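# sharing a model that was predicted from the sequence below.
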Amino acid sequence: MNFIDKTKVIIRAGAGGDGKLSFRQEKFISKGGPDGGDGGHGGNVVFAASRNQNTLAAFRYQRELTAEPGQSGGKNKRHGRNGKDLIVPVPVGTVVSTLDGQELADLTHDGQTVVIAKGGKGGFGNAHFVSSRRQAPGFAEKGEPGAELDAALELKMIADVGLVGMPNAGKSTLLARTSNAQPEIANYPFTTLRPNLGMVDIDKESSLLFADIPGLIEGAAEGKGLGHEFLRHIERTAVILHLIDAYNDSVVEAYTTIQNELKAYDVDLSSRPQIVVLNKIDGLDADIVADLADQLKKVLPDATPVYAISAVSGQGIRELLYAVRAIVTEQRKAVELEVPEEDAIPVLRLTDDTAAWMVTPTDEGFMVTGTKIEQFASRTDFKNEEAVQRLRDIMKKMGILHQLVRKGIEPGQNIIIANKGTLVY
Ligand SMILES: Nc1nc2c(ncn2[C@@H]2O[C@H](COP(=O)(O)OP(=O)(O)OP(=O)(O)O)[C@@H](O)[C@H]2O)c(=O)[nH]1
Ligand SMILES: [Mg+2]
């Protein structure tokens, strides 16, 4: 199974359209009233979680996700068309992060959408700036650039049940027997190199998604065997099905080895709801099986049942699956009660203090940074003196000019607004 579960993409929201600078053409009047329309907004890049997607494989062919730009404004106050949002279907369980690991969004349920990159605002046309003081504004705003980012996508499978155990315990055999999946099965350790998913029908009404991951051995936490890497696939399962080969020299030792590895994982998985299952009982007498189960019960938390099955003959599987479903149902209910609705809706973390700004003296002049002032600057046509004058007015209103004076700015010195443009004080 070709399973791609981590990938990188380049995300570009659409730029806003430029505002139009124009004046009505009227007969016998050299310059009519200003009539430049506003630019349209750039399209957003929106991720939409969908059960119909199973992998991130599509992003191997489509690395760049670009939304439409807004159109420029026109004469006669014509508004430019807004850019269309780019809706990107992703599998449920997709986590979006920046390349340095900051989590941006976590799409956990079908139909959930989140704006990953916002389109730029359209610039105002010159008609917008008419006022009693300014009857013929000779400038228009440029459209704002759309947000751009390089993002890492990771699919954290949200299976209901995670199969864990030592290599060769029969995990893939159980998955193959009960589901539509066809994992490789062989009588040697580390047959399974990548996680497999399979839908298991419990009865006519219900089915559960099982994840089969490579076997764990002692020291997996330090990277032995195939290591811990795959445990993240069962981080979110409602229940862990811990499979133990009944032919182990000591089933108790086999159990504790895996428990220790689950404990050593980034998040302690050893305390998750777990079902302990003895496998390969097809050739064993009932009293031997009962004895093995008793040995296990001594080390398990009180009243934890031990199931005994044969993944090959099918013995005991039906009872096991019913028990699994009961726990999954209970767990899902508990989780739903726990998580308040707001928390379930992931919101992109944007810098909240957009009005904040900072002035720093440099060799080339005074550097001004800050979300809001940079946004205004990106919409300013620096070649147009009227537009630059408006930017000065905005800086005055925001208190930036005052601060520049306090820092000792002299006429003729540069004010550099981040990487957006430079004006002269
Ligand atoms: N007799 C018997 N053999 C079984 C049973 N279940 C699995 N086996 C055998 O055990 C061997 C290992 O089975 P797998 O399903 O590949 O084991 P696994 O846990 O997926 O192993 P890894 O992928 O290596 O971690 C195979 O030869 C299976 O045929 C069972 O119930 N009874
Ligand atoms: Mg396997």
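That came in fine, so what should we check first? Numbering: from 1, shown residues only. Ligands and ions are numbered 1, 2, ... in the order given.

# where does this protein come near ligand 2, residue by residue?
Residues of the chain lying close to ligand 2 (CB under 5 Å from the ion) are 172, 191, 192. No exception for glycine: its C-beta is placed from N, CA and C like everyone else's.

# of those residues, which belong to helices?
Within the residues of the chain next to ligand 2, residues falling in helices by DSSP state H are residue 172.

# per the record, what domains does this protein have?
Under the assignment automatic domain parsing, the domains of the chain span 6-155, 161-341, 358-424.

# quick one: mean pLDDT for the shortest one?
It stands for domain 358-424. For domain 358-424, mean pLDDT is 93.

# first vs last residue of that domain, how far apart are they?
The first residue of domain 358-424 is 18 Å away from its last residue (CA to CA, to the nearest Å).

# hang on, the earlier thing: buried deepest among the domains of the chain, which one?
domain 6-155 (a mean of 19; mean count of other CB atoms under 10 Å).

# do you have the helices of the chain handy? List them.
Using DSSP H, helices in the chain cover 171-178, 251-264, 286-299, 317-338, 341-344, 371-378, 385-398, 400-406.

# TSV for the ones you listed, including distance to residue 54?
Converted to TSV, those look like this (distance: least, CB to CB, whole Å):
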stretch	distance to residue 54
helix 171-178	16
helix 251-264	26
helix 286-299	35
helix 317-338	20
helix 341-344	22
helix 371-378	38
helix 385-398	49
helix 400-406	51
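
# residue 169 against residue 276, yeah?
No - in this structure, residue 169 is not within contact of residue 276 by CB atoms under 8 Å, at 11.6 Å.

# need the residues touching each of these two.
residue 244 (CB atoms under 8 Å, 6 or more residues apart in numbering).

# what sits against residue 296?
Residue 296 sits next to 244, 251, 252, 255, 276, 278, 306 when contact means CB under 8 Å, 6+ apart.

# OK, contacts around the fifth one?
If I follow you right, that is residue 276. Contacts for residue 276 were tallied using CB under 8 Å, 6+ apart; they are 242, 244, 255, 296, 300, 304, 305, 306, 307.

# can you pull the pLDDT of the last one?
Translated: residue 307. Note for residue 307: predicted pLDDT of 97.

# any stretches of this protein with poor pLDDT?
Along the chain, segments meeting pLDDT under 70 span 1-4, 27-31, 157, 227, 335-353.

# that one against ligand 1: which residues are in contact?
Residues of the chain lying close to ligand 1 by CB under 6 Å from any ligand atom are 165, 167-173, 185-187, 189-192, 214-215, 279-280, 282, 310-312.

# which ones are touching the residue in the stretch 201-350 of the chain positioned nearest to ligand 2?
Nearest residue of the stretch 201-350 of the chain to ligand 2: residue 212, at 6.0 Å (CB to the ion). Each residue near residue 212 by CB under 8 Å, 6+ apart is listed here: 163, 171, 172, 174, 175, 181, 183, 192, 195, 196, 197, 198.

# isn't the third one right up against residue 185?
Yes - with contacts defined as CB under 8 Å, residue 172 counts as touching residue 185 at a distance of 4.9 Å.

# between the two, which contacts overlap?
residue 191.

# how much space between the most centrally placed residue in the chain and ligand 2?
Centrality entry for the chain: nearest residue to the mean C-alpha point is residue 96, 2.3 Å, by CA atoms, centre = their mean. Look at residue 96 and ligand 2: by CB to the ion, to the nearest Å, they are 30 Å apart.

# doesn't residue 108 make contact with that residue?
No - Residue 96 is beyond contact range of residue 108, at 12.0 Å (criterion: CB under 8 Å).

# just checking, residue 86 touches residue 43?
Yes - using CB under 8 Å, residue 86 is in contact with residue 43, at 6.0 Å.

# please enumerate the shared neighbours of the two.
Residues touching both residue 86 and residue 43 by CB under 8 Å, 6+ apart: 67, 68.

# of all the helices of the chain, which lies closest to residue 64?
Smallest distance to residue 64 across these (CB to CB): 21.8 Å, for helix 371-378.

# output that closest one as CSV, nothing but the C-alphas.
The C-alpha trace of helix 371-378 is given here as CSV (Å, rounded to 0.1, in the frame of the first residue of the first chain):
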residue,chain,number,x,y,z
THR,A,371,0.9,44.4,10.6
LYS,A,372,-1.5,47.3,10.0
ILE,A,373,0.9,49.9,8.8
GLU,A,374,2.6,47.4,6.5
GLN,A,375,-0.8,46.5,5.0
PHE,A,376,-1.4,50.2,4.3
ALA,A,377,2.0,50.5,2.8
SER,A,378,1.5,47.5,0.5
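
# list the contacts of that helix.
120-121, 142, 144-145, 351, 353-357, 391, 394-395, 398, 400, 417-418, 420-421.

# ok, residue 45 - contacts?
By CB under 8 Å, 6+ apart, the residues touching residue 45 are 11, 12, 13, 65, 66, 67, 85, 86, 88, 115, 116, 117.

# list the contacts for the nearest residue to it once chain neighbours are set aside?
Spatially, and ignoring its direct neighbours in sequence, residue 45 is nearest to residue 117 (4.3 Å; CB to CB, 6 or more residues apart in numbering). Residues counted as contacts of residue 117 (CB under 8 Å, 6+ apart) are 11, 12, 13, 44, 45, 67, 146, 147, 148, 149.

# ok, now residue 6?
56, 152, 153, 154, 155.

# what do you get if the cut-off is 7 Å, keeping everything else the same?
residue 154 (CB atoms under 7 Å, 6 or more residues apart in numbering).

# and residue 94, what are its bridge partners?
Applying DSSP bridges to residue 94 yields these beta-bridge partners: residue 107, residue 155.

# please read the previous query as pertaining to residue 149.
For residue 149, the beta-bridge partners are residue 11 (DSSP bridges).

# does it touch residue 11 like I think?
Yes - using CB atoms under 7 Å, residue 149 makes contact with residue 11 at a distance of 5.3 Å.

# so the residue nearest to the centre of the chain touches residue 102, yeah?
No - applying CB under 7 Å, one finds residue 96 not in contact with residue 102, separated by 10.0 Å.

# what about the strands in the stretch 51-200 of the chain?
Remark: strands assigned in the stretch 51-200 of the chain by DSSP state E, counting those that start in this stretch are 64-66, 86-91, 94-98, 103-107, 113-117, 148-155, 161-165, 196-201.

# in JSON lines, list the ones you listed along with distance to residue 327.
Shown next, in JSON lines, are the strands of the stretch 51-200 of the chain (distance: least, CB to CB, whole Å):
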{"stretch": "strand 64-66", "distance to residue 327": "39"}
{"stretch": "strand 86-91", "distance to residue 327": "25"}
{"stretch": "strand 94-98", "distance to residue 327": "25"}
{"stretch": "strand 103-107", "distance to residue 327": "24"}
{"stretch": "strand 113-117", "distance to residue 327": "31"}
{"stretch": "strand 148-155", "distance to residue 327": "24"}
{"stretch": "strand 161-165", "distance to residue 327": "9"}
{"stretch": "strand 196-201", "distance to residue 327": "14"}
